[in-house]
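Trainee: turn this into a structure:
(4 chains)
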Protein chains: 2
Amino acid sequence: MTVRRHDPDRRSRIIDVCLDLVAEVGVAGVSHRKVAAAADVPLGSMTYHFAGMDELLREAFARFSRSVSDGFEQRMSEATDLATARAAVVEIITRDVFGTHRDLVLTHELYTLAAREPAYRELTNAWMGRSRAALERHFDPVTARMLDALIEGLTIHRALDTEAPRHETVTEAVRRITAAG
Amino acid sequence: MTVRRHDPDRRSRIIDVCLDLVAEVGVAGVSHRKVAAAADVPLGSMTYHFAGMDELLREAFARFSRSVSDGFEQRMSEATDLATARAAVVEIITRDVFGTHRDLVLTHELYTLAAREPAYRELTNAWMGRSRAALERHFDPVTARMLDALIEGLTIHRALDTEAPRHETVTEAVRRITAAG
DNA sequence: CCACTCTGCGTACGATCGTACACATCGCCC
DNA sequence: GGGCGATGTGTACGATCGTACGCAGAGTGG
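Mentor: Below you'll find the model as predicted:
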């Protein structure tokens, strides 16, 4: 016995596995036992590292939202002028944000939690704040707000509507919003 | 004993109570027992009227999405020209859609389910289809698409961001999207 | 007015859940 | 090298879950 006595990344690995599990079965479907099994750690390790499921979920979604924001900033920072900034936004909508099914599901799980519990709303607030800040490197604040909302709506409709908006539609929508008033 | 032998609206009442309960504690938090208690029906009545929790949830969200769509169509049907149509969209964003906390939470719960299970995606598809059709009474199809996405994004950001977009921002965003290309 | 069917209910069962807690093992300091 | 915190683990408990199932009444045809 006594395998893996020293496993310093265990806590972090649990968080990652928890995210994968949430993506698969939803917040409603996760349990300490399932996470423990998926992460290949004993059940007692859950209560040792996390005070409860809430703490684990909050840390998991904090990590998730930070990573998405990182990608967003990265993409926007590569733009140099209006044209490339517009193109970056289109890229974000059609590729980045919900590029994987995992990200799509996790985003909605987070929104659902945020809609009900203020603690999670802090995460979405920070997320949206960073998005807007990144957009404001290229657009005025009001336009950035609109763009951020447009990105949100288009990505959701891309994911949840069988007739996804065509690429030209996305490009045109970004053009209209970013057209000088 | 033997109270309420004849109770023809029972099934419908269970569905309504289930929606309220989901709004309160989330899909993750509902159970046959809690719904039964809230609806003041015996536990056995749950399995009698519904094959399982899935069936109950699906019917509940079908009812919810239909009622939201009804309100959307109602609001858009009252518009008579471009100006009133634009105003109607602004009204929808700033008042109707997530006017109540209940609607906000239920919408996200539904989206979360739809992101993972195709059965629920049929509901969101129908919902978005009806929204677009209502918008197309006043705008061309491509613009209707963009508008629908914009409504989605703005309502979400209104709900999940402490710094909600101001009313003029919403008006301006609608104006830009609906400006003739 | 009896018997039979069908609607609806109470309860009980096995599974699974979160959490607590006693115990094993390791690294370290004297 | 021997004791002693610190770290990590296994198990057991009470609660809650979905669901099945036997039974009680009400309605109805004869």
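Trainee: can you map out the strands along chain A?
Mentor: Here chain A has no strands by DSSP state E.
Trainee: okay, and the helix or strand of it with the least pLDDT?
Mentor: helix A:44-49 (a mean of 91; mean pLDDT, DSSP states H and E).
Trainee: what is the mean pLDDT for the helix ranked longest in chain A?
Mentor: Ordering each helix of chain A by length in residues (DSSP state H) puts helix A:53-77 first. Across helix A:53-77, the average pLDDT comes to 95.
Trainee: could you pull out the buried residues of it?
Mentor: A:56-62, A:64-65, A:68-69, A:72-73, A:75-76 (16 or more other C-beta atoms under 10 Å in any protein chain shown). Backbone N, C-alpha and C define where each C-beta goes, glycine included.
Trainee: looking at the residues you listed, which is nearest chain B?
Mentor: Sorting those by how near they are to chain B, with C-beta to the nearest C-beta, puts residue A:57 at the top with 10.5 Å.
Trainee: which ones are touching the closest one?
Mentor: Residue A:57 makes contact with A:18, A:22, A:27, A:30, A:113, according to C-beta atoms under 8 Å, 6 or more residues apart in numbering or on different chains.
Trainee: from residue A:42, how far off is the third one?
Mentor: Taking C-beta to C-beta, to the nearest Å as the criterion, residue A:27 is separated from residue A:42 by 23 Å.
Trainee: so which of the two has more stuff around it?
Mentor: Of the pair residue A:27 and residue A:42, residue A:27 is the one with more neighbours under other C-beta atoms under 10 Å in any protein chain shown, namely 21 against 11.
Trainee: what about chain A, any weak spots by pLDDT?
Mentor: Filtered on pLDDT under 70, chain A yields the residue ranges A:1-8, A:97-98, A:180-181.
Trainee: list the contacts for the nearest residue to residue A:162 once chain neighbours are set aside?
Mentor: Residue nearest to residue A:162 in three dimensions, not counting chain neighbours: residue B:125, with 5.3 Å by C-beta to C-beta, 6 or more residues apart in numbering or on different chains. If a contact means C-beta under 8 Å, 6+ apart, then residue B:125 has A:160, A:161, A:162 as its contacts.
Trainee: could you dump the residues you listed into JSON lines with neighbour count added?
Mentor: Listed next are the contacts of residue B:125 as JSON lines, based on neighbours: other C-beta atoms under 10 Å in any protein chain shown:
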{"residue": "A:160", "neighbour count": "23"}
{"residue": "A:161", "neighbour count": "21"}
{"residue": "A:162", "neighbour count": "11"}
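Trainee: nearest to DNA strand C among the residues you listed?
Mentor: Closest approach to DNA strand C among these (C-beta to the nearest atom of the strand): residue A:160, at 27.8 Å.
Trainee: so the closest one is in contact with residue B:128, correct?
Mentor: Yes. Counting by C-beta atoms under 8 Å, residue A:160 touches residue B:128, with 7.2 Å between them.
Trainee: now the helices for chain A?
Mentor: A:10-25, A:32-39, A:44-49, A:53-77, A:82-91, A:101-116, A:118-135, A:141-160, A:167-178.
Trainee: next, the buried residues of the third one.
Mentor: Neighbour-count burial for helix A:44-49, counted by 16+ other C-beta under 10 Å, picks out A:45, A:46, A:49.
Trainee: next, count neighbours for the residue nearest to residue A:36 when sequence neighbours are not counted.
Mentor: Spatial nearest neighbour of residue A:36, chain neighbours left out: residue A:43 (4.8 Å); criterion: C-beta to C-beta, 6+ apart. By the criterion of other C-beta under 10 Å, residue A:43 has 12 neighbours.
Trainee: contacting residues for residue A:43?
Mentor: A:32, A:33, A:36 are the contacts of residue A:43 under C-beta under 8 Å, 6+ apart.
Trainee: quick check: phi and psi at it.
Mentor: The phi/psi pair for residue A:43 (degrees, to the nearest 10) reads phi -60, psi -40.
Trainee: spit out the contact partners of the spatially closest residue to residue A:160 that is not a sequence neighbour.
Mentor: Spatial nearest neighbour of residue A:160, chain neighbours left out: residue B:124 (4.6 Å); criterion: C-beta to C-beta, 6+ apart. Listed by C-beta under 8 Å, 6+ apart, the contact partners of residue B:124 are A:160, A:161, B:65, B:110, B:111, B:114.
Trainee: look up how far DNA strand C lies from residue A:11.
Mentor: In this structure, residue A:11 and DNA strand C are 16 Å apart, going by C-beta to the nearest atom of the strand, to the nearest Å.
Trainee: wouldn't that residue be in contact with residue A:49 here?
Mentor: Yes. Taking contacts as C-beta under 8 Å, residue A:11 lies within contact range of residue A:49: 4.8 Å.
Trainee: and chain B, which of the contacts of residue A:57 contact it?
Mentor: residue A:27 (C-beta under 8 Å from any C-beta of the partner chain).
Trainee: switch the contacts of residue A:57 over to a markdown table; also include distance to residue B:156.
Mentor: A markdown table is the format used below for these (distance: C-beta to C-beta, whole Å):
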| residue | distance to residue B:156 |
| --- | --- |
| A:18 | 25 |
| A:22 | 20 |
| A:27 | 18 |
| A:30 | 24 |
| A:113 | 14 |
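Trainee: which one of the contacts of residue A:57 is nearest DNA strand C?
Mentor: Checking the contacts of residue A:57 one by one against DNA strand C (C-beta to the nearest atom of the strand), the nearest turns out to be residue A:30, at 6.6 Å.
Trainee: pretty sure residue A:159 contacts residue B:115?
Mentor: Yes. Counting by C-beta under 8 Å, residue A:159 touches residue B:115, with 6.6 Å between them.
Trainee: point me to the residue of chain A nearest chain B.
Mentor: Closest point on chain A to chain B, by C-beta to the nearest C-beta, is residue A:153, at 3.1 Å.
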